[in-house]
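Asks: What follows is a protein structure lacking sequence information:
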Ligand code: SF4
Ligand code: SF4
Ligand code: SF4
């Protein structure tokens, strides 16, 4: 059993990544690439042909995801990943539509789209990479920045209370809500697979380090952040979303919190407006 | 072997064997694979890649083929493949 130092064997995800664009822009120690790898692994393991998927991203560091995946994808305007995904889903309900974007894009700038897609039970999978800041633009305070955490615009600490994202998704009507960290890569991969297999609005929050623009201002190297993910988290499936605020001092709760069935937007719409098409499979577009 | 919690059947279960592959030029030296490999298979090498990072190298030929480094690496720079069945 000899281990090669640099290998000629291709990486198992080589077929799903636009390798001509690698290395990606994500900084050393950025967790976005890890979340992306878990997401691609789930797509691969689902066994569903790649042409049955579409990925949509907004703007931001994690918003680059759509540009690196080797399947149909959209890199959209800021905050508007969910409306694009909604359009794809309504036109091609047979596709599995995955939104891969960040907390700032999905929950602040595009926050209204998030709550309404959840309310309508739009059949899409939203993977929200939460790095607690606006990484790409220089580490400004975000809607997810923890209370008292430092950012480039709150140099003495954040005076505001951050969003509890699973609570937001749950309250708006999401039918699947989970939270993991990028370190919980297996649970995360399983969660994405569950979301791919089910119907309805799935929201998966993934905590992920931004060592460059968040960690640096909060005296936290990327491995320190991972240590917190390991030591200061509690897995509690079925926990009530109101307990899920992100406070590493008291422990951050991870797990699957909501998994219920409810008719999806495209199903109900089709039934009401195009009943004649009911027994047929979805329209095929060329 | 470093466990977060020692399983009761540690003595009985058959361990899988793997071979870890490293694509040195892609590595950005975050050290995640080194820190979180359950068998402590990896360590930083002394050499630099083109980007100026120290990629990992194999220290112990004890890879379990657990694929954790593969899942955690943000750079698609490391992965494991099942090795031929070990004798023991
Ligand atoms: S700025 Fe932060 S979130 Fe953006 S790539 Fe760098 S580490 Fe990742
Ligand atoms: S596959 Fe598992 S045991 Fe092998 S090097 Fe990677 S993390 Fe370590
Ligand atoms: S996890 Fe990947 S990028 Fe980080 S040190 Fe290991 S091989 Fe390099």
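Replies: Everything's here; your move. Note that the coordinates shown come from a computational prediction; the quantities given were computed from them, not determined experimentally. Ligands and ions are numbered 1, 2, ... in the order given.
Asks: can you map out the strands along chain B?
Replies: Assigned strands in chain B, in chain order: B:18-22, B:42-44, B:56-58, B:78-82 (criterion: DSSP state E).
Asks: For residue A:26, find the nearest of the ones you listed.
Replies: strand B:78-82 (15.9 Å; Cβ to Cβ). For the C-beta atoms, the positions are set from N, CA and C on the backbone; glycine is no exception.
Asks: List the backbone torsions phi and psi for the residue of the stretch 151-286 of chain A found nearest chain B.
Replies: Closest contact between the stretch 151-286 of chain A and chain B, by Cβ to the nearest Cβ, is at residue A:185 (4.0 Å). Dihedral pair for residue A:185: phi -60, psi -30, per degrees, to the nearest 10.
Asks: Please name the residues that touch the residue nearest to it when sequence neighbours are not counted.
Replies: Using Cβ to Cβ, 6 or more residues apart in numbering or on different chains and skipping the chain neighbours, the partner closest in space to residue A:185 is residue B:71 (4.0 Å). Listed by Cβ atoms under 8 Å, 6 or more residues apart in numbering or on different chains, the contact set of residue B:71 reads A:34, A:37-38, A:41, A:185-186, A:189.
Asks: again, only this time at 6 Å
Replies: Applying Cβ atoms under 6 Å, 6 or more residues apart in numbering or on different chains to residue B:71 gives the contacts A:37-38, A:185.
Asks: residues in chain B within reach of ligand 2, list them.
Replies: Within chain B, the positions near ligand 2 by Cβ under 6 Å from any ligand atom are B:18, B:20, B:37-39, B:41-42, B:63-69, B:80.
Asks: now with 8 Å?
Replies: Proximity of chain B to ligand 2, by Cβ under 8 Å from any ligand atom, involves residues B:18, B:20, B:33, B:36-42, B:58, B:62-70, B:72, B:78-80.
Asks: can you give me the helices for chain B?
Replies: If DSSP state H is used as the criterion, the helices of chain B fall at B:32-36, B:68-72.
Asks: hmm, back to that, name the member of the contacts of residue B:71 with the most neighbours.
Replies: Of all those, residue A:38 has the most neighbours under the rule other Cβ atoms under 10 Å in any protein chain shown, reaching 27 neighbours.
Asks: how about low-confidence regions in chain B?
Replies: Scanning chain B for pLDDT under 70 picks out B:1-3, B:85-88.
Asks: whoops, chain A was the one
Replies: Applying pLDDT under 70 to chain A flags residues A:1-5, A:278-286.
Asks: That one: helices as residue ranges?
Replies: Under DSSP H, chain A gives helices at A:32-46, A:65-68, A:81-91, A:103, A:111-119, A:165-172, A:185-197, A:222-231, A:265-273.
Asks: Distance of whatever residue of chain B ends up closest to ligand 1 relative to residue A:211?
Replies: Closest residue of chain B to ligand 1, Cβ to the nearest ligand atom: residue B:74 (8.8 Å). Using Cβ to Cβ, to the nearest Å, one gets 11 Å for the distance from residue B:74 to residue A:211.
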